[in-house]
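Trainee: just the structure for this:
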Amino acid sequence: MQIYKVGGAVRDRLLGKPVTDIDWVVVGATAEQMQAKGFRPVGSDFPVFLHPKTGDEYALARTERKSGHGYGGFIFHASPDVTLEEDLIRRDLTINAMAEDETGNITDPYHGQRDLEARVLRHVSPAFAEDPLRVLRVARFAARYAGLGFSIAPETLELMRQLSRSGELQALTPERCWKEISRALMEDQPQVFIEVLRSCDALEVLLPEVNALFGVPQPPAHHPEIDSGVHTLSVLEQSALHKQPLTVRWACLLHDLGKGLTAEKDWPRHIAHEHKGLRLIKAVNERYKVPRDCQELALLVGEYHTHGHRALELKASTLLELLQRFDVYRRPQRFEEFIAACEMDARGRLGLENRPYPQADYLRGAARAALAVAVQPLLEQGFRGPELGEALKHERLKALQAYKAAAKD
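Mentor: Coordinates of the predicted model:
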């Protein structure tokens with residue numbers, strides 16, 4: 001029995017990056033031998049065991065053979081005669097197909113170290129094209145390592161293109177897609193993920209609503225970058241630069257989907273794109289079974305982001321409606337995330353990345369003014385039920401009117 005570290009732990013150590021998760025592979029062992037040593041079996045598709053003390057996962061070396069469509073269409077074979085090289089060849093990229101023994105010796109049959117030095121993401125074998133999930137995984141790795149100068153090998157990109165055109169991407173489950181998408185959005189350069197998907201024809205399959213934005217012009221006076229798709233990438237880039245959470249990044253990706261519905265004859269204006277885009281945002285949310293907090297913020301940002309940009313011009317009554325719509329009294333964090341998404345949208349314009357965004361503090365101040373209205377005095381005046389709600393609304397409106405007047409002075 002021989003035990004090796006494999007995959008990301010080896011790759012990241014060689015890159016000088018922190019190693020968080022360690023994958024282990026066991027060569028020359030049977031399931032019975034593993035259990036005899038106290039390892040607990042947990043794998044259903046193939047033998048995976050938990051270490052009796054650390055709880056780390058140890059997988060028996062295995063081979064795999066394509067047997068159907070999608071990510072799950074494989075037959076696995078694990079036995080003591082499967083070699084380390086056979087286990088490594090089934091992996092996606094050469095930089096993920098290295099192993100390290102307990103003394104630190106590297107086994108690198110597919111030249112992963114060479115590709116690390118050359119900053120290339122390259123597939124290990126033609127079997128890469130058997131797993132459609134690898135299109136998303138490679139795009140995610142491209143987003144993670146773009147800052148280190150990594151690019152995708154042309155022949156690997158061509159295999160990704162073939163997978164995109166094969167219909168295999170449609171066989172992926174919503175859960176698997178969302179796991180890759182959400183992880184990619186949290187990388188250092190999430191816009192690269194979208195760029196790679198577009199370059200291999202996967203974006204029009206997975207996110208046709210986002211793909212439709214490219215080539216759609218916007219008024220150059222407000223959007224010097226002009227192209228709606230380019231703008232979306234820039235907004236996503238800003239969200240990463242400003243360390244925004246997943247909810248905000250998801251909203252940034254989807255906020256302008258309505259512009260893809262504008263008739264060509266109306267370009268570059270996009271009247272009511274906020275409302276037109278809502279059905280598209282809903283469709284994407286449902287397609288990938290997106291978590292509720294991400295769904296809700298994406299819809300609210302899609303509908304109200306221009307309100308955010310026009311915050312200083314809004315009437316007190318419109319400000320109040322906005323705060324009510326966000327339920328800022330019970331969910332202040334969601335309103336803060338809305339403000340963040342609006343600011344990323346404003347910064348995602350060519351040459352305007354560092355322009356001040358006074359709307360952010362203005363909206364925060366409006367929320368504080370409304371939240372400062374106390375309920376107790378109204379209760380003491382005898383207001384109850386629906387009448388209390390109306391009285392509270394009236395007092396909040398007065399507070400916002402006073403806030404607006406003070407802001408002008």
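
Trainee: just give the closest residue to residue 397, not the sequence neighbours.
Mentor: residue 320 (5.3 Å; Cβ to Cβ, 6 or more residues apart in numbering). All C-beta spots, glycine's among them, are computed from the backbone N, C-alpha and C.

Trainee: which residues of the stretch 51-200 of the chain fall in helices?
Mentor: Here the stretch 51-200 of the chain has its helices, by DSSP state H, counting those that start in this stretch, at 84-89, 112-118, 133-145, 154-166, 174-185, 190-199.

Trainee: now the last one: average pLDDT?
Mentor: The average pLDDT within helix 190-199 is 98.

Trainee: that older thread, helix/strand/coil for the residue nearest to residue 397?
Mentor: helix (DSSP: H, G, I helix; E, B strand; the rest coil).

Trainee: surely it and residue 394 touch.
Mentor: No: assessed by Cβ atoms under 8 Å, residue 320 is found out of contact with residue 394, at 9.8 Å.

Trainee: between the two, who's got more neighbours?
Mentor: residue 320 (20 against 13; other Cβ atoms under 10 Å).

Trainee: tell me the spacing between that one and residue 212.
Mentor: 35 Å (Cβ to Cβ, to the nearest Å).

Trainee: would you mind finding the longest helix in the protein?
Mentor: Looking across the chain with DSSP state H, the single longest helix is helix 385-408.

Trainee: quick one: mean pLDDT over that helix.
Mentor: Rounded mean pLDDT across helix 385-408 is 94.

Trainee: now do stretch 226-236
Mentor: For stretch 226-236, the mean confidence score works out to 98.

Trainee: then stretch 361-370?
Mentor: 97.

Trainee: stretch 162-180 now?
Mentor: 95.

Trainee: sorry, back to before: looking at the helices of the stretch 51-200 of the chain, which is closest to residue 58?
Mentor: helix 84-89 (12.5 Å; Cβ to Cβ).

Trainee: now the closest one: buried residues?
Mentor: 84, 86, 87, 88, 89 (16 or more other Cβ atoms under 10 Å).

Trainee: and the fourth one, what does it touch?
Mentor: In this case it means residue 88. Listed by Cβ atoms under 8 Å, 6 or more residues apart in numbering, the contact set of residue 88 reads 6, 97, 98, 99, 107, 109, 110, 124.

Trainee: how about the last one?
Mentor: When the contact criterion is Cβ under 8 Å, 6+ apart, the partners of residue 89 are 97, 109, 110, 124, 125, 127.

Trainee: just the buried ones out of those residues, please.
Mentor: Applying 16+ other Cβ under 10 Å to the contacts of residue 89 flags 97, 109, 110, 124, 127 as buried.

Trainee: tell me which two of those sit farthest apart.
Mentor: 109 and 127 (14.5 Å).

Trainee: out of the contacts of residue 89, which comes closest to residue 227?
Mentor: For the contacts of residue 89, the nearest to residue 227 is residue 124 (35.8 Å; Cβ to Cβ).

Trainee: burial count for residue 105?
Mentor: Using other Cβ under 10 Å, residue 105 has 10 neighbouring residues.

Trainee: now do it against residue 121, distance only.
Mentor: Taken as Cβ to Cβ, the span from residue 105 to residue 121 is 25 Å.

Trainee: tell me where the chain has strands.
Mentor: With DSSP state E as the criterion, the chain has strands at 2-6, 23-27, 40-41, 48-50, 57-60, 62-66, 74-78, 99-100, 106-107, 120-121, 151-152.
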